[in-house]
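S.K.: Turn this into a model:
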Amino acid sequence: MHRHFDQELGTLRENLLTMGALVESMITQAARLLDQYNTDAALQIEANEREVNILHSSIDDACVRLLVLRQPAAADMRLIAAALKINGELERIGDQAINILQRAQQLDKPGEWPRIELGSLIHTASGMVMAALDAFVKKDVPLARRVLEDEKAADSLRDQAVDVLLAKAEERTFSFAHIMQLILVTHHLERVADHATNIAEDVIYFVQGLDIRHHRME
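M.R.: Sure, this is the predicted structure:
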């Protein structure tokens, strides 16, 4: 019985990692479409979203089944509770990728909107997602705490990008509607970083039993 339970927990972890890899790929692919829109790539992102949604439902069902049928001990209970919350965060990251895709679809005509550097923000946000999931798999609290620290960097990069875009708006060289689309992209990327931060907090709860959502420990 215990062996089957461990197998089910292993499958749960693998599905979360699969889902995490999918949403991280969706974010980076959607961001690339800002520079050069590609219909095939857009269709692939939408296909990935459908797979993410299937995994989301499957992981939810698996967690509920484990809680009801297996009656796990405290440590395993925390793992399943964390998996439920991480599952929700990953699904929302997928939603942010779709939001970025929709912005890219509005910005598919070169020369009509200002080119700004978003690479650092994209790299930071997507890197936080993968680091948070790595911390979950390895039960690595120091790595989870580094993700929490990276949130400030993501916020700063977002603010810098918005400042540049607002300065472009004052120049009135480009349509304000297009500039707003880019400002929304920075917001979506910041939300990705926020979701990664939530995952890191869930990792700390899973490993140490500490709920730090409303107060960060020194």
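S.K.: Residue ranges in the chain under the pLDDT threshold?
M.R.: Along the chain, segments meeting pLDDT under 70 span 1-2, 108-113, 213-218.
S.K.: change it to 90
M.R.: 1-13, 34-37, 64-81, 104-118, 137, 168-179, 205-206, 208-218 (pLDDT under 90).
S.K.: Report the separation between the residue nearest to the spatial centre of it and Ala82.
M.R.: In the chain, the C-alpha nearest the mean C-alpha coordinate belongs to Ile93, at 3.7 Å (Cα atoms, centre = their mean). Noted for Ile93: a distance of 16 Å to Ala82, by Cβ to Cβ, to the nearest Å. The C-beta positions use only the backbone N, C-alpha and C, and glycine is treated the same way.
S.K.: which residue ranges form the helices in the protein?
M.R.: With helices called from DSSP state H, the chain shows them at 2-32, 39-65, 74-106, 119-138, 141-171, 176-208.
S.K.: sorry, back to before: the residue nearest to the centre of the chain contacts Val23, doesn't it?
M.R.: Yes: using Cβ atoms under 8 Å, Ile93 is in contact with Val23, at 4.4 Å.
S.K.: residue contacts, Met19?
M.R.: Val52, Leu55, His56, Ile59, Asn87, Leu90, Glu91 (Cβ atoms under 8 Å, 6 or more residues apart in numbering).
S.K.: Quick check: chain neighbours aside, which residue is closest to the fifth one?
M.R.: In space, Asn87 comes closest to Ile59 once its chain neighbours are excluded; the distance is 4.5 Å by Cβ to Cβ, 6 or more residues apart in numbering.
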